[in-house]
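J.: below are the sequence and a predicted model for it; my questions follow.
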Amino acid sequence: MCKLFDEWTPQIKEYCENNNLSFEKARNMSQCWSKNDVILQYYDKHNSRKDLLQDIPMPIVLKITKTDKGLTFEQTEHTKKYLTIA
């Protein structure tokens, strides 16, 4: 797991709670990161081989970026589908 996600866990959890999103789902998603951001992506374990052979990228679900003012969160068209609390 990404160290940034671990460091930012309280803020990410609060954001999820305030936006009716599942922190548990977010925590278990595939993560890409750089120096100041974390991108959560949906990975379908049951269909992964087929997708990889067809070169279909994993959808970006949530972008989290650290700025001078704190963390910013950017939802995508996939956020509600994969992170909404059922």
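T.: All right, it came through fine. Just so it is clear, the structure is predicted and the values come from calculations on it, not from any experiment. Numbering: from 1, shown residues only.

J.: now for the protein, the helix or strand with the poorest mean pLDDT.
T.: helix 48-54 (a mean of 56; mean pLDDT, DSSP states H and E).

J.: can you name the next helix or strand after that one?
T.: strand 60-67 (DSSP states H and E).

J.: list of residues touching the longest helix along the chain?
T.: Scanning the chain for the longest helix, with DSSP state H as the assignment, gives helix 9-18. For helix 9-18, contacts defined as CB atoms under 8 Å, 6 or more residues apart in numbering pick out 5, 21, 22, 23, 26, 27, 64, 70, 71, 73, 83. Using the backbone N, CA and C atoms, a C-beta is placed for each residue, glycine as well.

J.: swap the cut-off to 7 Å and go again
T.: 5, 22, 23, 26, 64, 71, 73 (CB atoms under 7 Å, 6 or more residues apart in numbering).

J.: what is the burial count for the last one?
T.: Put plainly, it is residue 73. 16 (other CB atoms under 10 Å).

J.: repeat that for the fourth one.
T.: Other residues near residue 26 number 23, with proximity taken as other CB under 10 Å.

J.: ok, now how distant is it from residue 63?
T.: As judged by CB to CB, to the nearest Å, residue 26 and residue 63 stand 12 Å apart.

J.: which regions of the protein sit below the pLDDT cut-off?
T.: 1-2, 46-55 (pLDDT under 70).

J.: mind running it again at 50?
T.: Low-confidence segments of the chain, defined by pLDDT under 50, are absent.

J.: tell me the centre residue of this structure?
T.: The residue lying closest to the centre of the chain (CA atoms, centre = their mean) is residue 40, at 2.3 Å.

J.: my read: that residue touches residue 29, true?
T.: Yes: with contacts counted by CB atoms under 7 Å, residue 40 reaches residue 29, the gap being 4.3 Å.

J.: joint contacts of the two?
T.: Common neighbours of residue 40 and residue 29 (criterion: CB under 7 Å, 6+ apart): residue 61.
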